[in-house]
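Novice: next one to model:
(2 chains)
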Amino acid sequence: MSSSDFVSQVAPIKAADPCGALLQRCRTLVEDHELNHVKQWKAANPGAFVMGHMPIYAPRALVEAQGGLAVAVFGGGEEVDIIRGDSYFQSYICHIPRSTIELGLGGQLDVLDGMMFPSICDVIRNLGGMWKILFPNKYSAYVDLPQNFAQGIGGKFYAHELGRIAEEMHKFGAQKLEPEKLRQAMRDENLRRAAIGKLDELRRTEPHRCLASEAYLLVRAGGGLLAKEHAAMIEEFVLAAKKRDTRPRDNVRVVLVGAFCEQAPVDLIRALEKAGCDIVDDDFQLGMRMIEGDLDAEAEDPLLALAMGFIKKGAAVASRYIADEVKGKSLIDKVKASKADGVIFAAASFCDPALLDQPMLEVAMDEAKIPHTSFKYAENTGQFQVIREQAGAFSDAVKLWGQVE
Amino acid sequence: MQTQMATAQTAYVNKEVQLTCGIDAGSSSVKVAIMRSRAGQGGELLALASQRIRRRVVDEVVTASFEEACQTAGVAPGDFDYIASTGDGDAVHMRTGHFYGMTTHARGALWLEPNARGVLDVGALHARALKIDDRGKVLGHRMTSQCASGSGQFLENIARYLGVPLEDVGAISCQSTNAEPVSSICAVLAETDVINMVSRGLATADILRGIHLSIAGRLVKLIKSAGADGTILVTGGLAADEGLYASIVQCMSEGVQKKTLVRNLGMEVKRHENAMYAGAIGAALLAAYRWEQLAKSGRLEMLLATA
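Specialist: Here you go, the predicted structure:
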């Protein structure tokens, strides 16, 4: 199946669909594996710095404040055949670092002037190290995210870390960081977050108007757009989706957890939807919605405010140390807030953070009597029969019997 | 406002029977069942309809089959309390909800054969064996994977090679006096076998019976691995194939004799004239059950209010 065939199945566009044109634009952006839209942006903004980053969280506002464009790199999905990438990682390592290396060596990421590797896990740390060796003329930043969440310790540390990255980006050609520009970038980032919040709210309250697979496309399409532009695109979709001629379905409402780094194939999301599940919350593409609240864009020290955004408002994910909270509490809160019927744990194969967290989260779900099921995937998984069976059985069990045995 | 809501909800719960429709959008045909029941218990079958897809757009076949069934039942599309899809739910635009094929075939089989504790669902693309309880709840299942050798599509290909209309395959197979064994491992090899058999001038009936026995052998293993016992109902599109049914019975009997099927001395394979509609019937019954659940929990109002 070609890439176009694959993505065209995500959300069949109907002629009368008021969201059709926008979804088509999103598809074009998502299918742009050569990053042509980023090349166009760069051509229109000569000398501007383009910074790639791995999934989960990255300080995108910092890049925009320095006149640059942050570009989310989600690996190669099922589109990239891994040939060279396999020689850099052992067989028991997840898929995304291999495909990222493959993309890098294949020249698809040449448009990027630098890459940020947030501290997701050891594998991404190793990938960052390899990147430095493989591409010595490009900027490679390992973003050491704090695991102490006190302002005086973690906040101070992370603000310093952000300052270091800003300085280094400047050395590689980005504009010098100025407080007012950072404040403006944070305001723009707040706009994006608010727009994504509206999108999430729409699929929570009226999932028939916005499928999870569509929301996924919309958020992912903005991986290489400026925050303001992305926010406008999402706002436009939300308005159009409210005019859609659709009817509610009697589906099971689920929260999907574990897909925060290596992304699930879009067909997998569709398989879950086809099995009768409304995914009303998930941790896909956390990079653009990791901060659960506004950044303090009017702060006197915007760098510290950017750091404190992560410290105080960062979502609870497996790669973030949870000290004072019961493991699983945030997931239970999420299930309640989204009025979900159950949880699907969907983690990438060999994803240590997700898979080590999962047993503890499952215990928490059992104690809270929340039905759950789990499976693993890889970004290039092409067969979903087993997952469809499992999701279908789960959905029916919750719907008809109220429990999963 | 609250009083109005409560009254409406009570009215729903007190409704004696629900009119529901089950639409099974399979890979080669669409089956529709219209039923009237009280929360899926008992149940009166008002209409059945089925249409083969044959290169048509599935959505259009669904609409045509639905309209045909509505006409037979003498009901209007807007009369239904709940329309449930199974199979390819996306093709059923009028659906209220969706149930998975395994669940609907289990429920439909139980309605068709109340003693059934196992289901053998043989469709165009795959086959699956289910172990069920007396409520139709699936207790265990096994399914053929990517392999085509246990599927209706394979049989359709063979019929085409032999120049036999698909609907005649079963009857011709039953005329066999000397079944010719074929590869039971791989559909590709089996198809090559068939071409060789035709070249050797073997009787069509013997070739078809060999194919049926090959498929049946795989299905019996599937039943065994699913742990199903007692009465097994064959459902799905191939349930109507009398040659396949006879072959399953034969394989099972031989399995018991050879003691490869030690657990199923009490196993009895049955079929039913409406077995190919089991998915649609099950969906219609579960729809009524679900309708009452929603009505009791107050969620039905929400579903209908925004419809």
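
Novice: number of residues surrounding residue B:16?
Specialist: Using other Cβ atoms under 10 Å in any protein chain shown, residue B:16 has 6 other residues around it. In short, each C-beta sits where N, CA and C put it, glycine included.

Novice: show me what contacts the residue nearest the centre of chain B?
Specialist: Centroid-nearest residue in chain B: residue B:236, 3.0 Å away (criterion: Cα atoms, centre = their mean). For residue B:236, the contact set (Cβ atoms under 8 Å, 6 or more residues apart in numbering or on different chains) comprises B:105, B:120, B:121, B:122, B:123, B:127, B:152, B:275, B:276, B:278, B:279.

Novice: where's it relative to residue B:49, distance?
Specialist: 17 Å (Cβ to Cβ, to the nearest Å).

Novice: what about stretch B:30-49, how long is it end to end?
Specialist: Stretch B:30-49 has an end-to-end distance of 8 Å (criterion: Cα to Cα, to the nearest Å).

Novice: repeat for stretch B:31-45
Specialist: Across stretch B:31-45, first to last residue, Cα to Cα, it's 14 Å.

Novice: kindly report the same for stretch A:113-133.
Specialist: First-to-last residue span, stretch A:113-133, Cα to Cα: 15 Å.

Novice: kindly report the same for stretch A:145-159.
Specialist: Start-to-end, stretch A:145-159 (Cα to Cα) is 10 Å.

Novice: can you give me the buried ones in it?
Specialist: By neighbour count on 16 or more other Cβ atoms under 10 Å in any protein chain shown, the buried set for stretch A:145-159 is A:145, A:146, A:149, A:154, A:155, A:156, A:157, A:158, A:159.

Novice: wait, which of those is closest to chain B?
Specialist: residue A:149 (39.1 Å; Cβ to the nearest Cβ).

Novice: does that closest one touch residue A:309 like I think?
Specialist: No: using Cβ atoms under 8 Å, residue A:149 is not in contact with residue A:309, being 11.9 Å away.

Novice: show me what contacts residue A:295?
Specialist: For residue A:295, counting by Cβ under 8 Å, 6+ apart, the contacting residues are A:61, A:186, A:189, A:190, A:305, A:306, A:309.

Novice: just to revisit the earlier point, ok, the contacts of residue B:236 vs chain A, which is closest?
Specialist: Among those, and counting by Cβ to the nearest Cβ, the member closest to chain A is residue B:105, at 11.6 Å.

Novice: circling back: how close does the residue nearest to the centre of chain B sit to residue B:244?
Specialist: Applying Cβ to Cβ to residue B:236 and residue B:244 gives a distance of 10 Å.

Novice: starting at the chain centroid, how far to stretch B:58-73?
Specialist: Relative to its chain's centre, stretch B:58-73 lies at 18 Å (Cα atoms, centre = their mean, to the nearest Å).

Novice: and that stretch, what's buried?
Specialist: B:58, B:59, B:61, B:62, B:63, B:65, B:66, B:68, B:69, B:70, B:73.

Novice: can you name the residue of the stretch 301-405 of chain A nearest chain B?
Specialist: residue A:392 (3.0 Å).

Novice: domain-wise, how is chain B divided?
Specialist: B:17-106+B:278-306, B:114-271 (automatic domain parsing).

Novice: let's have these in JSON lines, adding mean pLDDT.
Specialist: Converted to JSON lines, these look like this (pLDDT from 0 to 100):
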{"stretch": "domain B:17-106+B:278-306", "mean pLDDT": "92"}
{"stretch": "domain B:114-271", "mean pLDDT": "84"}
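
Novice: quick one: closest of these to residue A:31.
Specialist: Of all these, domain B:17-106+B:278-306 sits nearest to residue A:31, with 21.5 Å by Cβ to Cβ.

Novice: so does the closest one get close to chain A?
Specialist: Yes: interface with chain A: domain B:17-106+B:278-306 contributes B:82, B:88-90, B:95-103, B:286, B:289-290, B:293-294, B:302-303, B:306 (Cβ under 8 Å from any Cβ of the partner chain).

Novice: re earlier: so which of the contacts of residue A:295 are in strands?
Specialist: Assigned to strands by DSSP state E, none of the contacts of residue A:295 qualify.

Novice: which of the residues you listed are close to chain B?
Specialist: Restricting the contacts of residue A:295 to those near chain B - Cβ under 8 Å from any Cβ - leaves none.

Novice: and the residues you listed as TSV, adding neighbour count and pLDDT?
Specialist: As requested, those are arranged in TSV below (neighbours: other Cβ atoms under 10 Å in any protein chain shown; pLDDT from 0 to 100):
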residue	neighbour count	pLDDT
A:61	29	96
A:186	26	97
A:189	28	96
A:190	20	96
A:305	21	96
A:306	27	96
A:309	27	94
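
Novice: count the neighbours of residue 113 for me.
Specialist: This is for chain A. Residue A:113: 20 neighbours (other Cβ under 10 Å).

Novice: that's the wrong chain, I meant chain B
Specialist: 20.

Novice: and if you look at residue A:33?
Specialist: 14.

Novice: so which strand or helix has it?
Specialist: Under the criterion DSSP states H and E, no helix or strand holds residue A:33.

Novice: that one touches residue A:75, doesn't it?
Specialist: No: Residue A:33 is not in contact with residue A:75 according to Cβ under 8 Å; the separation is 10.6 Å.

Novice: and the contacts of the longest strand anywhere in chain B?
Specialist: Criterion DSSP E: the longest strand present in chain B is strand B:41-52. Strand B:41-52 has contacts (Cβ under 8 Å, 6+ apart) with B:28-37, B:61, B:64-66, B:68-70, B:72-75, B:111, B:274, B:276-277, B:280-281, B:284-285, B:288.
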